[in-house]
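J.: coordinates only, no sequence provided:
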Ligand SMILES: Cc1cc2nc3c(=O)[nH]c(=O)nc-3n(C[C@H](O)[C@H](O)[C@H](O)COP(=O)(O)OP(=O)(O)OC[C@H]3O[C@@H](n4cnc5c(N)ncnc54)[C@H](O)[C@@H]3O)c2cc1C
């Protein structure tokens, strides 16, 4: 997302950018996403929900997102819905394929299955695809499943650190969804997300209820807590009241790790009708390179998207929004300094 936005904006500013794309197609994780690009409606909510994020970077996203969304629409990116469906947030849902096509057409020169060691702007999408970096920074109880494009494996991080960049806060944080602990395909990333932890009793493999307090609306806090459990596993235990919600019942029905209470490795609490064994699917890292509000990571080097960390630290905010805003800013900074 960030790389395509940067290139599209650069071309409009009269430059001749080249997008080096390691993957076999353009669009990265954006193409696989639900494509809701959003910000918190109130600035105070952003600060409260992501309290340890860099305030200057958050302010930059918050103030520039609406312009960014209008720019996407001006390029012909198709809007599916003009609101997010969440009263706390404001934004639009785009069609991910249509948006990839619109951005790719505006970006121009995209070289698939190629990369470069000397980029001006890094937009490689984070380090979730490298199990060793995930182990080193996130310290999960066991390996996590990948719920993202397979190519974002920390190349940007390594490149920038070698060029004098520094790390942001929040290196141990990530955004993801608890998924059935079984293999799944890209087209199942969204429908198989077990996004009902708030109505389940949540236990680890030993039967301990490990999550204290209320699960947040995004459930990202529960997902990250699950990653720290033995085996990076949790059991969602559902009673009749939880299963009365049709969406919950459907997701449970399609989860391959649905289990009878009698087959659990611990005694199920009374009233449990069914259990689902879940494991975090990591979508993108939240920590990464430290950038300033001009997207500068080091002398003559800029970073955007999930390569740039410390924006939604302490909570969760739209990764697409940050990629859109800082992708465009990175180009303006790079062209200004070339
Ligand atoms: C199922 C799913 C649902 C999601 N839903 C939403 C949502 O509704 N709203 C939201 O805000 N976010 C959502 N996201 C997250 C969102 O997709 C990411 O935050 C966003 O794509 C990050 O942008 P990016 O540019 O950093 O990374 P990407 O969009 O992943 O792009 C990174 C690109 O870099 C390429 N690359 C990697 N290494 C190299 C290299 N060395 N050289 C060249 N190219 C390289 C990759 O192949 C990829 O194309 C979702 C993600 C998924 C998977």
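T.: Received, thanks. Small disclaimer: the values here were computed from a predicted structure and weren't measured.
J.: which residue ranges of the stretch 201-338 of the chain form strands?
T.: Using DSSP state E, counting those that start in this stretch, the strands of the stretch 201-338 of the chain run over 201-203, 234-238, 258-259, 274-285, 296-298, 301-303.
J.: what about the third one, distance to the chain center?
T.: Centre-to-centre, strand 258-259 and its host chain are 27 Å apart (CA atoms, centre = their mean, to the nearest Å).
J.: among the strands of the stretch 201-338 of the chain, which is nearest the ligand?
T.: Nearest of the strands of the stretch 201-338 of the chain to the ligand, taken as CB to the nearest ligand atom: strand 274-285 at 4.7 Å. Every C-beta, even on glycine, is put in place using the N, C-alpha and C of the backbone.
J.: just the buried positions in that closest one, please.
T.: 274, 275, 276, 277, 278, 279, 280, 281, 282, 283, 284, 285 (16 or more other CB atoms under 10 Å).
J.: quick one, helices of the stretch 151-300 of the chain?
T.: 155-162, 220-227, 240-243, 246-254 (DSSP state H, counting those that start in this stretch).
J.: quick one: the second one near the ligand?
T.: No. Interface with the ligand: helix 220-227 contributes nothing (CB under 6 Å from any ligand atom), its closest point being 11.6 Å away.
J.: need the residues that contact that helix.
T.: Contact with helix 220-227 is made by 138, 140-141, 144, 173-178, 197-198, 202, 210-211, 215-216, 232-234, 278-280, 282, 315-316, as judged by CB atoms under 8 Å, 6 or more residues apart in numbering.
J.: out of those, which are buried?
T.: 138, 140-141, 144, 173-178, 197, 202, 211, 215, 232-234, 278-280, 282, 315-316.
J.: could I get the helices of the stretch 151-300 of the chain in CSV, plus columns for mean neighbour count, distance to residue 323 and mean pLDDT?
T.: Shown next, in CSV, are the helices of the stretch 151-300 of the chain (neighbours: other CB atoms under 10 Å; distance: least, CB to CB, whole Å; pLDDT from 0 to 100):
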stretch, mean neighbour count, distance to residue 323, mean pLDDT
helix 155-162, 21, 12, 98
helix 220-227, 23, 17, 98
helix 240-243, 14, 35, 97
helix 246-254, 14, 28, 95
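J.: which among these is found nearest to residue 46?
T.: Proximity to residue 46, assessed across those by CB to CB, is greatest for helix 220-227 (14.7 Å).
J.: look up how far residue 312 lies from residue 220.
T.: 9 Å (CB to CB, to the nearest Å).
J.: oh sorry, the question was meant for residue 156
T.: 17 Å.
J.: circling back to that earlier point, where do the contact lists of residue 220 and residue 312 overlap?
T.: Listed as contacting both residue 220 and residue 312 by CB under 8 Å, 6+ apart are residue 175.
J.: residues of the protein that sit close to the ligand?
T.: Counting by CB under 6 Å from any ligand atom, the residues of the chain near the ligand are 1-3, 20-23, 28-30, 32-37, 115, 123-125, 147-149, 151-152, 155, 189-190, 283-284, 305-306, 318-321, 323.
J.: pull out the buried members of the residues you listed.
T.: Counted by 16+ other CB under 10 Å, the residues of the chain next to the ligand give 1-3, 20-23, 28-30, 32-33, 35-37, 123-125, 147-149, 151-152, 155, 189, 283-284, 305-306, 318-321, 323 as buried.
J.: for residue 203, what are its contacts?
T.: By CB under 8 Å, 6+ apart, the neighbours of residue 203 are 209, 210, 234, 235, 237, 266.
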